[in-house]
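# Sequence isn't available, so here's the structure alone:
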């Protein structure tokens with residue numbers, strides 16, 4: 001693992017994970033947050049054997065992600081952005097994502113997992129970009145947007161680009177609901193489990209979801225002492 005200037009790379013064979021934002025609630029730029037950065041949640045997964053990326057969550061880190069893609073000249077016909085949930089800190093970077101203004105770019109925004117409470121995925125992004133809040137509305141951004149809500153993620157993602165890629169989603173405890181993801185590809189397993197509160201006991205379903213993972217990305221918002229005063233807020237302690 002390498003950590004430099006707010007960017008963390010984790011490499012495993014043909015898969016690379018880069019954190020563009022890990023902070024919750026609000027972005028911050030105070031001096032004490034310069035080493036690892038103060039952007040809200042955004043992860044980029046790169047499959048280096050096919051030179052394709054997938055994005056998880058669209059917090060403020062998405063702005064830098066888009067700028068980096070433009071700087072290196074990365075082109076990809078379709079970009080997938082999967083969402084753990086839709087609290088503000090997981091979508092607020094979307095209006096500043098450079099590829100979203102490219103008429104030749106297709107962007108698929110999707111939810112994964114059963115028992116979803118979202119009924120109109122497009123509306124979530126239309127509302128935050130309506131004229132009262134933002135000068136450019138969703139329909140005027142330029143890219144070709146697709147909105148997908150998928151209950152059985154594994155069936156949908158198996159066999160893309162002739163490479164077996166299985167994605168499993170598990171709903172977990174967070175105000176309004178949120179999802180953890182398990183991504184299996186080329187014998188490697190990445191699990192992303194953020195914005196989760198386990199309660200008095202560790203959630204056994206998430207233990208099974210993460211079993212055998214090469215890398216687990218997990219919520220660690222509080223110290224153990226802080227967590228005792230913030231039960232019900234939907235997060236975990238480092239311990």
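The structure has been received and is ready for your questions. Since the structure is predicted, the reported quantities are computational estimates derived from the model, not experimental observations.

# Where do the helices of the chain begin and end?
61-72, 121-128, 153-157, 204-210, 224-229 (DSSP state H).

# Contacts for the second one, please.
So that's helix 121-128. In this structure, residues lying in contact with helix 121-128 by CB atoms under 8 Å, 6 or more residues apart in numbering are 86, 91-92, 94-95, 109-111, 118, 134, 137-139, 145, 147-149. Glycine gets a C-beta too; all of them are placed from N, C-alpha and C.

# who's the most centrally placed residue in the chain bridged to?
Centroid check for the chain by CA atoms, centre = their mean gives residue 56 as the closest residue, at 2.2 Å. For residue 56, the beta-bridge partners are residue 43, residue 82 (DSSP bridges).

# Provide a list of residues in contact with it.
So residue 56 contacts 42, 43, 45, 81, 82, 83, 84, 181, 192 (CB under 8 Å, 6+ apart).

# Can you flag the buried ones in those?
Buried residues within these, counting neighbours by 16 or more other CB atoms under 10 Å: 42, 43, 45, 81, 82, 83, 84, 181, 192.

# Kindly state the beta-bridge partners for the last one.
According to DSSP bridges, the residues that bridge with residue 192 are residue 181, residue 217.

# Hmm, it is touching residue 215, no?
No. Residue 192 lies out of contact with residue 215 (CB atoms under 8 Å); the separation is 9.1 Å.

# low-confidence ranges in the chain?
Along the chain, segments meeting pLDDT under 70 span 1-13, 158-162.
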